[in-house]
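Engineer: next one to model:
(2 chains)
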Amino acid sequence: MASTTDYLLSVEGLTVSFDGFRAVDNLSFYVDNDEIRVIIGPNGAGKTTVLDLICGRTRATGGAVQFKGHDLLKMREDQIVHKGVGRKFQNPSIYDDLTVFENLELSAPGSYSVFGALAFKRTGAIIDRIEEIAEMIFLSDLLDQKAALLSHGQKQWLEIGMLLIQDPELLMLDEPVAGMSVAERKKTAELLNTITKGRSVLVVEHDMKFVEDIAHKVTVLHQGKILAEGSMDAVQANPKVIEVYLGH
Amino acid sequence: MSDVSTLGLRQSRLFTASEILGYLVLAVVIFIVIPSALDAFRLNLFGKYLTYAFVAIGLVLCWGVGGILSLGQGVFFGLGGYCMAMFLKLEASTPENTAIQSTPGIPDFMDWNQLTELPWWWVPFNSFAVTVFAIVAVPMVLAFVIGLAMFTRRVSGVYFAIITQAIAAIATILIIGQQGFTGGVNGITDLRTLMGWDIRPDNAKTILYFVSGILLFAVLFVAHVIRKSKAGRLMIAIRDREDRVRFSGYNVANFKIFVFCVGAAFAAIGGAMFTLQVGFISPTLVGIVPSIYMVIFCAVGGRSSLIGAVYGALLVNWAQTTFSESFPELWLLAMGALFIAVVMAFPMGLAGLYDDYLKRHVDRVLAPVDRMMIHRAARRESEKLSATRATQPAE
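Structural biologist: Have a look, this model is predicted:
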């Protein structure tokens, strides 16, 4: 067996309890470079909590999370981002009062300090990069639009764009196609297929059709524990999984 | 990829035409309309109102832009005012002026409280340079400590507001309790000269009014630059989606501490000018009630508009003076009603009303000027920008 440092992300014995309730219980899994891993499971299985724990939003009670040899559990959210972990939230999380352009600009890496941000000047390189990303996320014509005025699907794309401009090595997406129309969903699947090249992706998703399209490997969570792990076909054939999740 | 001419358009501009017009109108109001319409007494009152505008501008950055509601700005206003008052008091307490005291040469209230020598921390305030430095530095250090303690622990919203209110209460109690060092409930009074220049006559007060006006524009400019920088846009982002900002790689607490310190410094400059123009400082300007008034000035003007904050401070104070001269007992009720009206009916204050009803027309008239400004800026910027782009255009 390979040592844990060979993986991009290794999660070992991860546990969090809220007032005695173990939302995530002694969870271990490993994500390779360039792997697309999907976490599925019934409501309340702890899927979103796992993402929260990795990105530092929720503090773990026990266990270890190693990313490229760094212990993420000891770091602040912004430090974890600087190591190369990006996170997209379930509900589109964007800055309503700023334009699409400004949303992307604030997400571009660099000038993270207060005085760096005060002295920040737009350069041609950043403007080009923002326009390039805007084209990928189908928002080229809306750069000067206030983000509040975007449709739900466009907001989801904008947040994906905000992550893209960060260029993270590990991209964590929480239900990226939830609430989208069929057409938007198709476009999003294409978008994800292009942006996931050259990085690892950890996705939480309910839409099984979408999971089949993108997943390399699937982890099934149930009550904070791993129920099954493997290829989509293997997982779908697993009797335990059928019983708790897919069957009904 | 955009061509070079549109590249320049993307550069953020420090001023739009309508913003320049806004500042010009404000300058005309402060430097021409008010001084020519009022007698020396009323002008001095407006000088006092201007000092509250400094606080309101700081609150726009903290509250309107950054989402940090502080109900303790009076503390910083008071600290600035007390620093200035300490210098003026020491200057007024020459051994000749205080010859009848049992210890001549110390401020009168210290003598009344049986102090026989100047406390060590009063000594630096013999120097005007130290005083000017302290007026800005002392409140900023306090704001930094409060900010560090609160924002790194992620105390925000209502909880932060309550804590700042508690600090305002503590500050008042401390000042009143330490009578021998602070002048107690009376404050520091009987201030006479600033480096030999008598601040009491009408013409001195008129000069101080204009000094306040100039300082106000300096503060407005600093606030405007912050507001228009990437840090300003980040503050709006933090106000709306704090979590997202964190997961874009920023340490949110640092930005909050910064803007809170800036707000404190602005309030303190206002406080120092207050002392100069009114001739005293007292704990009644430090506590919870004046701090809440300051928030009302900001809310009435429009909490996210720098210019609105100045009008808010001037209008509410002018209304207060006018009203309380005729109906002293009704004023407090009117103030309460005004605040409720602002929150319920026009939450963005006067600036919001302007945005809804007038801005359209102003923008239409100014559109050609704005276009001209944009194109001039674009030409200038595109040369610079095209030099910094990562890849060259294909053609």
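Engineer: what does the model give B:Arg389 for pLDDT?
Structural biologist: Here the pLDDT value assigned to B:Arg389 is 65.
Engineer: so what's the residue lying closest to A:Lys88 once chain neighbours are set aside bridging to?
Structural biologist: For A:Lys88, ignoring the flanking residues on the chain, the nearest one in space by C-beta to C-beta, 6 or more residues apart in numbering or on different chains is A:Leu173 at 4.7 Å. Where C-beta positions appear, they are placed from N, C-alpha and C, glycine not excepted. Beta bridges link A:Leu173 to A:Lys88, A:Val203, judged by DSSP bridges.
Engineer: neighbours of the residue of chain A found nearest chain B, how many?
Structural biologist: Minimum separation of chain A from chain B (C-beta to the nearest C-beta) falls at A:Gly124, amounting to 3.1 Å. Using other C-beta atoms under 10 Å in any protein chain shown, the number of residues around A:Gly124 comes to 24.
Engineer: surely it and A:Glu131 touch.
Structural biologist: No - using C-beta atoms under 8 Å, A:Gly124 makes no contact with A:Glu131, being 10.6 Å away.
Engineer: list the buried residues for the strand or helix carrying B:Ile374?
Structural biologist: According to DSSP states H and E, B:Ile374 maps onto helix B:359-388. Within helix B:359-388, the residues that count as buried by 16 or more other C-beta atoms under 10 Å in any protein chain shown are B:Leu366, B:Asp370, B:Met373, B:Ile374, B:Ala377, B:Ala378, B:Glu381, B:Ser382, B:Leu385, B:Ser386.
Engineer: where do the helices of chain A begin and end?
Structural biologist: Applying DSSP state H to chain A gives helices spanning A:47-55, A:77-83, A:100-107, A:114-119, A:124-136, A:152-166, A:182-195, A:208-214, A:232-237, A:239-241.
Engineer: for the fifth one, which residues meet the burial criterion?
Structural biologist: Pointing back at helix A:124-136 there. For helix A:124-136, burial by neighbour count (16+ other C-beta under 10 Å) applies to A:Gly124, A:Ile126, A:Ile127, A:Asp128, A:Arg129, A:Ile130, A:Glu131, A:Ile133, A:Ala134, A:Met136.
Engineer: by contact count, what packs against it?
Structural biologist: helix A:100-107, helix A:152-166, helix A:182-195, helix B:359-388 (3 or more C-beta pairs under 8 Å, 6 or more residues apart in numbering or on different chains; DSSP states H and E).
Engineer: thinking again about what came up before, let me know which of the helices of chain A is tucked in deepest.
Structural biologist: Neighbour counts averaged per stretch over these are highest for helix A:100-107, at a mean of 25; criterion: mean count of other C-beta atoms under 10 Å in any protein chain shown.
Engineer: name the surrounding residues that touch it.
Structural biologist: Residues from elsewhere that reach helix A:100-107 (C-beta atoms under 8 Å, 6 or more residues apart in numbering or on different chains): A:94-95, A:98, A:122, A:126, A:130, A:133-134, A:139, A:142-145, A:147, A:150, A:158, A:161-163, A:165-166, B:10, B:230, B:233-234, B:237, B:245, B:248.
Engineer: do stretch B:155-175 as well
Structural biologist: Under C-beta under 8 Å, 6+ apart, the answer for stretch B:155-175 is B:67-75, B:78, B:82, B:146, B:150, B:182, B:184, B:187, B:242, B:283, B:286-288, B:291.
Engineer: let's go with 6 Å and repeat that
Structural biologist: Contacts with stretch B:155-175, where a contact means C-beta atoms under 6 Å, 6 or more residues apart in numbering or on different chains, come from B:69-72, B:74-75, B:150, B:182, B:283, B:286-288, B:291.
Engineer: try stretch A:46-62
Structural biologist: Outside stretch A:46-62, the residues that touch it by C-beta under 6 Å, 6+ apart are A:14-17, A:23-24, A:39, A:41, A:65, A:73, A:77, A:80, A:85, A:87, A:172, A:174, A:204, A:221, A:224.
Engineer: in ChimeraX, how would I select just the buried ones from these?
Structural biologist: Only the buried entries of the contacts of stretch A:46-62 go into this ChimeraX selection, using 16+ other C-beta under 10 Å:
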select /A:14,15,16,23,24,39,41,65,73,77,80,85,87,172,174,204,221,224
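Engineer: give me the subset of the contacts of stretch A:46-62 that also touch chain B.
Structural biologist: Filtering the contacts of stretch A:46-62 for neighbours of chain B using C-beta under 6 Å from any C-beta of the partner chain leaves A:Glu77, A:Arg87.
Engineer: nearest spatial neighbour of residue 154, chain-adjacent residues omitted?
Structural biologist: All of this refers to chain A. Nearest to A:Gln154 is A:Leu139, by C-beta to C-beta, 6+ apart, at 6.4 Å.
Engineer: not what I meant, chain B
Structural biologist: Distances taken as C-beta to C-beta, 6+ apart place B:Ala253 nearest to B:Arg154, at 7.6 Å, with adjacent residues excluded.
Engineer: state the helix or strand in which the one you found lies.
Structural biologist: Assigned by DSSP H and E, B:Ala253 falls within helix B:252-278.
Engineer: now that helix: how far from the chain's centre is it?
Structural biologist: Chain-centre distance of helix B:252-278: 6 Å, with C-alpha atoms, centre = their mean, to the nearest Å.
Engineer: show the average pLDDT along it.
Structural biologist: Helix B:252-278 comes out at a mean pLDDT of 97.
Engineer: other SSEs contacting that helix?
Structural biologist: Helices and strands touching helix B:252-278, by 3 or more C-beta pairs under 6 Å, 6 or more residues apart in numbering or on different chains; DSSP states H and E, are helix A:114-119, helix B:40-59, helix B:73-92, helix B:128-151, helix B:202-228, helix B:230-240, helix B:242-246.
Engineer: winner for burial among those?
Structural biologist: Highest mean neighbour count among the helices and strands packed on helix B:252-278 (mean count of other C-beta under 10 Å): helix B:73-92, with a mean of 28.
Engineer: tell me the helix or strand right after that helix.
Structural biologist: helix B:108-112.
Engineer: send the alpha carbons of that following helix over as CSV?
Structural biologist: C-alpha atoms of helix B:108-112 as CSV (Å, rounded to 0.1, in the frame of the first residue of the first chain):
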residue,chain,number,x,y,z
ASP,B,108,-7.5,73.8,38.1
PHE,B,109,-9.5,70.6,38.5
MET,B,110,-6.4,68.7,39.6
ASP,B,111,-5.8,71.3,42.3
TRP,B,112,-9.4,71.0,43.5
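Engineer: okay, buried residues for that helix please.
Structural biologist: The neighbour-count check on helix B:108-112 (16+ other C-beta under 10 Å) flags B:Asp108, B:Phe109, B:Met110, B:Asp111 as buried.
Engineer: from those residues, list the ones also adjacent to chain A.
Structural biologist: Among the buried residues of helix B:108-112, no residue sits close to chain A (C-beta under 6 Å from any C-beta).
Engineer: burial count for the residue nearest to A:Gln154?
Structural biologist: Using other C-beta under 10 Å, A:Leu139 has 22 neighbouring residues.
Engineer: next up, phi/psi of it, please.
Structural biologist: Main-chain torsions, A:Leu139, degrees, to the nearest 10: phi -120, psi 20.
Engineer: list the helices and strands whichever helix or strand comes after the helix holding B:Ala253 packs on?
Structural biologist: The C-terminal neighbour of helix B:252-278 among helices and strands, as given by DSSP H and E, is helix B:288-301. Secondary-structure packing of helix B:288-301 (3+ C-beta pairs under 6 Å, 6+ apart): helix B:40-59, helix B:73-92, helix B:157-177, helix B:306-326, helix B:331-344, helix B:349-353.
Engineer: mind putting these into a markdown table with distance to B:Val295 and mean pLDDT?
Structural biologist: What follows is the helices and strands packed on helix B:288-301, written out as a markdown table (distance: least, C-beta to C-beta, whole Å; pLDDT from 0 to 100):
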| stretch | distance to B:Val295 | mean pLDDT |
| --- | --- | --- |
| helix B:40-59 | 6 | 95 |
| helix B:73-92 | 7 | 96 |
| helix B:157-177 | 9 | 95 |
| helix B:306-326 | 10 | 92 |
| helix B:331-344 | 9 | 84 |
| helix B:349-353 | 12 | 90 |
